[in-house]
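J.: Got a sequence here, can you build the structure:
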Amino acid sequence: MVADRKLSEAELFQVVGAGWKQHESEKRKKTFQEKLKGKPVFSMFLLFLIVLGCVFANVVANHDPSGFYLQNLNTPPGKEFIFGTDSLGRDIYSLIWYGGRVSLVIGLLGAAIITVIGVTYGCISGTAGPKVDSVLMRFTEMCGSIPTLLLILILSAVLQADDVISISVIIGITGWFALARIVRSEVRQIRNSDYVMYARLCGGSFGYVMYHHLIPNFVSAIMFVVISSISSCITMESTLSFLGLGLPANVVSWGSMLSLANKALIMNTWWVIVIPGVFLVITLMCITSMGSFVRSEVNDHYSNL
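T.: Next up, the predicted model:
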């Protein structure tokens, strides 16, 4: 009788419906292939190798990067000089890794300055009143309408920038305008939210509200811009060095190596242009690919909250 009663209750409360599935007590673990699906593994691997080689340049390099091997001017790639030498007799293989250090530092430092200024300025403009917001945005639009290269050239002449730090600061303070406009538009959409108003009414400072309530809600919108600014700073430094207006001759970067392009074209020494250019392009493409991936991941994360 007891068994019949339990059976009738089970039949009475039987779950039915289209697409019904039994509850899985344990979540299925993803396989290694599923974890890697959609991730820019190849780009991450290449960028890791390049960064690792630049960090340990003193171990990877097989010649003195500041040495002038005058008996081996414009030597093509071979056993002694893997990537050949330039018109000054310098080993390109060693210069690639030491020059990559400088380029990556400029990219990271410039991107950090762009992020700090752009996020802070955008939050101030987004939370300010109509008049202050209008003035701040008109200033941003006015500065953004001036070509970035022209601004950098003017500031470089005024500040006499001739080292890595000063070049990074100049690139950073002239490249935050687009980020500030994006942050401002995102902040204006959430500034009247209940949690933001509550934090401000409870006496929360501007820095507290920005860090705890504003930034977490627009980080997905700016992540791609922040990561892409690293490649933009590296590109700008390379452009300045190519024009002969960047770092001094004793400081090697990928851009300063490309500044010898005119001589290389005349003398038909292709390796002087191609090898630094390939490293520069691969690094920029890897950073852009990772930026796109981070943006999609952040968007998926916040959409599932």
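J.: Check the gap between residue 43 and residue 287 for me.
T.: As judged by CB to CB, to the nearest Å, residue 43 and residue 287 stand 8 Å apart. (Glycine included, C-beta is placed from N, CA and C.)
J.: the more surrounded of the two?
T.: Neighbour count, other CB atoms under 10 Å: between residue 43 and residue 287, residue 287 has more, with 22 against 19.
J.: Would you mind giving the secondary structure of that one?
T.: Classification of residue 287 by DSSP: H, G, I helix; E, B strand; the rest coil places it in helix.
J.: so residue 203 sits in a strand?
T.: No. Read with three-state DSSP, residue 203 is coil and lies in no strand.
J.: give me the low-pLDDT residue ranges for the chain?
T.: 1-38, 298-305 (pLDDT under 70).
J.: ok, longest helix in it?
T.: The single longest helix within the chain, with elements called by DSSP state H, is helix 92-127.
J.: Could you check how far the spatially most central residue of the chain is from residue 43?
T.: With distances taken as CA atoms, centre = their mean, residue 227 lies nearest the centre of the chain, 2.3 Å away. For residue 227, the distance to residue 43 (CB to CB) stands at 12 Å.
J.: Same check on residue 271?
T.: As judged by CB to CB, residue 271 and residue 43 stand 25 Å apart.
J.: do residue 221 as well
T.: 22 Å.
J.: swap in residue 204?
T.: Distance of residue 204 to residue 43, computed by CB to CB: 40 Å.
J.: Ok, residue 168 next?
T.: The gap separating residue 168 from residue 43 is 24 Å, by CB to CB.
J.: give the contact list for the closest residue to residue 112 other than its chain neighbours.
T.: Spatial nearest neighbour of residue 112, chain neighbours left out: residue 172 (7.4 Å); criterion: CB to CB, 6 or more residues apart in numbering. Counting by CB atoms under 8 Å, 6 or more residues apart in numbering, residue 172 touches 109-114, 117, 233.
J.: swap in residue 267?
T.: Shown in contact with residue 267 (CB under 8 Å, 6+ apart): 74, 87.
J.: roughly how far apart are it and residue 113?
T.: 38 Å.
J.: With that, I have no additional questions.
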